[in-house]
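A.B. asks: sharing a model that was predicted from the sequence below.
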Amino acid sequence: MLHFRMIKAKDLMDANIHGLDKDCTIEDAIEYMIKNKVNNIPIVDKSNRLVGILPKNNILNSIKNYRDLSIKILDISMKKSKDVCLSKEQDANLIYNKDYEEFFVIDEESRLCGLLSKSKYLSQQVDFLLLSINSIIESTNHAIVAIDKNFNVIIFNNAAEKIIGVKAHDALGKKVDEVLHTSQLPSIIETGKTVINSLTYINEKKIITNRAPIIENGEIMGAIALFFDVTETDNLLKELEEQKNVSQVLNTILETVYDGILVVNKEGYITMLSKTYAKFLGVEEQTVIGKHVTEVVENTRMHIVAQTGIAEIADIQKLKGDYMIASRIPTIKDGEVVGAVGKVLFRNVDDLNDLYKKINLMEQEIEEYKGELKKINRAKYTFDDIIGSGKRISETKDLAEKASHTDSNVLILGESGTGKELIAHAIHNDSGRSFGPFIRVNCAAIPSELLESELFGYEEGAFTGARKDGKIGKFELADGGTIFLDEIGDMPLSMQSKLLRVIQEREIERIGGTGNKRINVRIIAATNRNLEEMVSKGEYRQDLYYRLNVFTIKVPSLTERPEDIPVLSKYFLYDLDNKYHKNISGISDKAMNYLVKYTWPGNVRELQNVIERAINLVDMSNTIDIEHLPERVVGEEYIRNIKSLKDILGKAEKDAIIESIRITNGNKTKAASLLGIGRTTFYEKLAKYELENM
């Protein structure tokens, strides 16, 4: 049912109207009706009191019957005024359901005050209703859009402007698909169906919409949509759900911790109590919540902490004949103390001994983990591992030893394979940082887009794919020790500026981090590239080059130290022979001559590879010879000596006999069987090749 606002009759009446005296004639009544445009004439006495109502039909009937306009009104029947009268203070809404068009307003003495027409009353209420509806439409948070049957926009409120992003004056009168091309209102006009709680997206906002046809006299005259943005609501629901989860987690923690927990408000009344503490106190949780803490816990100071805001840590408190250690901490909200939280650390002081043992065990485990970490991130080589006694390598070692006694940055230059990393290991192990970590980074092996995160680390959520708990960078791992930046010449320019800042400021910032961290790291860098030439070409930062080039060590190529080739070759032979168990005794003089004369573009690393290859090629003999070296080493000077078939077969036979005896550990019977020959024939061949004493 429609309910209108209350409005008094006196506020809507036309006060200019006057009643007609009862002594007046029909002619006067006709003039009155024409002048005042009414269908009912109020009849009053000399005191202007309303005595009756003369309807238009009664006047017409009198004229028809008497045909005399001079007849007085007193001679014509009148209606009682009760049905068409209102007092000034009465609610004008009383006329809404009545059939009359005019109503007369009277005062307390029944004197005529004015005329209230029903059409004016309805017009006023409709105007107010339209104004109210418009206010509702414009003030609601729900967007409202309506169209007529020609799809023209006829309603477009403020909320719709915000969601759709179009001003009302630009939308009204236009086709709805020009304002919002995804609008479904035209389909509502076509189908006549109402759609409730439909989900859609407008300008990346999550929208819930209701759409319905506008129907008049059974005909669809348009459609209206009411929709609202639930994006923030969804976010709020998620936050509330998270809060709920946090609350559940906190409650779970509270109920499962071994130690007792007690919470009081500012006045000292208990608001929360863990099951453990309730059991210890011998009370029921629900029965003590709301009580003052002094009624439940003897010797308590919780109410004092809640009042003073001063924390009390590790305080000895006697409770139920035992001593316990309790901490009381004030809870603060918006800068004001609102209560306190108490935690019973131990039920008895004797438990401290158990805790001490546990902590001691944990410290031992931590030291073991630190030891394992140090093993992983430690330098393997010392100056003793730098093989060679020639002048050039000796000068390099002397310079490196001097560098190890400083804390300056070191730049190691040299061709690939000369042993630059070995020098870096040795410097670290001989320095004051030898007990710290030694972190190696190959700048050329890490993609440029990952190099920053590898060097400086990142925080949780710093980028897509980042680990949930973040990652520590190489510089942080090297804190207190040395970081070896190999192939520093291949570092991209964008990273060079960031490395320069780390060197200058001695601090790093993780990707996605909000603060800097101080570090104490020594930098040893190495490269096989000409940094000076790169600086001149603009390929390398000059300021970074000067920062790294504090202590420069040039590692000689193998061609510059040929005198060290024999000792290096024998070192690799011994080391690799133990690895492969080949029992090779040495390298022939001819083979060694070729090794010394070769140019070694791959330097020491190439020499090591050549020796390893040779060891794997040696079959029956126990010596590395020319035929075991690659062609690039022996070159065109080596011409393989073609032996007779008899010599080749004899050598093969002799080698086979030697190998069979070795495999059978000197058992000649088994050796003959292994070769598939008789025992007598086997001994004859031993004599032939002078192998009887094997």
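C.D. replies: Sure thing, it's come through.
A.B. asks: the nearest residue to residue 394 once chain neighbours are set aside: what's it in contact with?
C.D. replies: Among residues not flanking residue 394 along the chain, residue 388 sits closest, at 7.6 Å (C-beta to C-beta, 6 or more residues apart in numbering). All C-beta spots, glycine's among them, are computed from the backbone N, C-alpha and C. Applying C-beta atoms under 8 Å, 6 or more residues apart in numbering to residue 388 gives the contacts 394, 561, 563-564, 567-568.
A.B. asks: so how many other residues sit close to residue 321?
C.D. replies: By the criterion of other C-beta atoms under 10 Å, residue 321 has 5 neighbours.
A.B. asks: please disregard the earlier target; I meant residue 548.
C.D. replies: Residues near residue 548, counting by other C-beta under 10 Å, number 25.
A.B. asks: picking up where we left off before, would you mind checking the contacts of residue 388 for buried ones?
C.D. replies: Those of the contacts of residue 388 that meet the buried threshold are 561, 564, 568, by 16 or more other C-beta atoms under 10 Å.
A.B. asks: now, the residues you listed that are in helices?
C.D. replies: The members of the buried ones among the contacts of residue 388 that map onto helices under DSSP state H are residue 568.
A.B. asks: dump the buried ones among the contacts of residue 388 into a markdown table; add distance to residue 333 as well.
C.D. replies: Shown next, in a markdown table, are these (distance: C-beta to C-beta, whole Å):
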| residue | distance to residue 333 |
| --- | --- |
| 561 | 74 |
| 564 | 75 |
| 568 | 73 |
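A.B. asks: doesn't the residue nearest to residue 394 lie inside a strand?
C.D. replies: No. Counting by DSSP: H, G, I helix; E, B strand; the rest coil, one finds residue 388 to be coil, located in no strand.
A.B. asks: helix or strand right after the least confident helix or strand in the chain by mean pLDDT?
C.D. replies: The helix or strand of the chain with the lowest confidence, counting by mean pLDDT, DSSP states H and E, is helix 231-256 at a mean of 54. Following helix 231-256 in sequence order, the next helix or strand is strand 260-265 (DSSP states H and E).
A.B. asks: pull up the pairing partners for that following strand, direction included.
C.D. replies: Sheet partners assigned to strand 260-265 using DSSP bridges are listed as strand 270-273 (antiparallel), strand 336-346 (antiparallel).
A.B. asks: quick one, which of those is nearest to residue 23?
C.D. replies: Closest approach to residue 23 among those (C-beta to C-beta): strand 336-346, 85.1 Å.
A.B. asks: what separates that closest one from the chain centre, distance-wise?
C.D. replies: Relative to its chain's centre, strand 336-346 lies at 33 Å (C-alpha atoms, centre = their mean, to the nearest Å).
A.B. asks: now that strand: mean pLDDT?
C.D. replies: What strand 336-346 shows for mean pLDDT is 82.
A.B. asks: before we move on, what about stretch 379-393?
C.D. replies: 89.
A.B. asks: keeping just the C-alphas, turn it into CSV.
C.D. replies: Presented in CSV, the C-alpha positions along stretch 379-393 are these (Å, rounded to 0.1, in the frame of the first residue of the first chain):
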residue,chain,number,x,y,z
ALA,A,379,87.9,-21.9,-0.4
LYS,A,380,89.5,-25.3,-1.4
TYR,A,381,93.0,-24.3,-2.5
THR,A,382,96.0,-22.7,-0.9
PHE,A,383,99.3,-21.3,-2.3
ASP,A,384,100.7,-24.8,-2.0
ASP,A,385,98.3,-25.9,-4.7
ILE,A,386,99.8,-23.5,-7.2
ILE,A,387,102.2,-25.8,-9.0
GLY,A,388,105.3,-24.4,-10.6
SER,A,389,108.6,-22.7,-9.6
GLY,A,390,109.4,-20.7,-12.7
LYS,A,391,110.1,-17.0,-12.4
ARG,A,392,106.8,-15.7,-13.7
ILE,A,393,104.6,-17.9,-11.6
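A.B. asks: noted, bye for now.
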